[in-house]
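Q: I'll drop the sequence and a predicted model, then ask my questions.
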Amino acid sequence: MRYHKAKALSKPEADRIIGKSTPALSDVVVISRGHRFYDVRMMTNAEIEAFVADLARAEDADVLAAAALPC
């Protein structure tokens, strides 16, 4: 996955950021994927879209790798 400005967070940290009025470059401040949370306050909408797409590709690759039959 390419470099992104997103910082991994714990659930309590994510909840604190969501509940607080903090400055951000877009309306999105936290992204969650499953049980993972990311601080995206310093990312533009385009950067967030690219980040989410990269997360989805990484998850798909993990699923395919787990489903592959050993030779």
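A: Sure thing, it's come through. Numbering: from 1, shown residues only.

Q: which ones are touching the nearest residue to Leu9 once chain neighbours are set aside?
A: Closest residue in space to Leu9, ignoring its immediate chain neighbours: Phe37 at 4.3 Å, by CB to CB, 6 or more residues apart in numbering. From N, CA and C alone the C-beta is placed, and that goes for glycine too. Residues in contact with Phe37, defined by CB atoms under 8 Å, 6 or more residues apart in numbering, are Ala8, Leu9, Ser10, Lys11, Glu13, Ala14, Val30, Ile31.

Q: Phe37: what secondary structure?
A: strand (DSSP: H, G, I helix; E, B strand; the rest coil).

Q: which one's the longest helix in the chain?
A: helix 45-67 (DSSP state H).

Q: can you pull the alpha-carbon coordinates of that helix into PDB?
A: The C-alpha trace of helix 45-67 is given here as PDB (Å, rounded to 0.1, in the frame of the first residue of the first chain):
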ATOM      1  CA  ASN A  45     -11.100  14.200  -0.100                       C
ATOM      2  CA  ALA A  46      -9.000  12.900  -3.000                       C
ATOM      3  CA  GLU A  47      -6.400  11.500  -0.600                       C
ATOM      4  CA  ILE A  48      -9.100   9.900   1.600                       C
ATOM      5  CA  GLU A  49     -10.600   8.200  -1.500                       C
ATOM      6  CA  ALA A  50      -7.200   6.900  -2.600                       C
ATOM      7  CA  PHE A  51      -6.600   5.700   1.000                       C
ATOM      8  CA  VAL A  52      -9.900   3.800   1.200                       C
ATOM      9  CA  ALA A  53      -9.300   2.300  -2.200                       C
ATOM     10  CA  ASP A  54      -5.900   1.100  -1.100                       C
ATOM     11  CA  LEU A  55      -7.400  -0.400   2.100                       C
ATOM     12  CA  ALA A  56     -10.000  -2.200   0.100                       C
ATOM     13  CA  ARG A  57      -7.300  -3.600  -2.300                       C
ATOM     14  CA  ALA A  58      -5.200  -4.800   0.700                       C
ATOM     15  CA  GLU A  59      -8.200  -6.500   2.300                       C
ATOM     16  CA  ASP A  60      -9.100  -8.200  -1.000                       C
ATOM     17  CA  ALA A  61      -5.500  -9.400  -1.400                       C
ATOM     18  CA  ASP A  62      -5.700 -10.800   2.100                       C
ATOM     19  CA  VAL A  63      -8.900 -12.600   1.400                       C
ATOM     20  CA  LEU A  64      -7.600 -14.100  -1.800                       C
ATOM     21  CA  ALA A  65      -4.400 -15.200  -0.100                       C
ATOM     22  CA  ALA A  66      -6.300 -16.900   2.600                       C
ATOM     23  CA  ALA A  67      -8.600 -18.700   0.100                       C
END
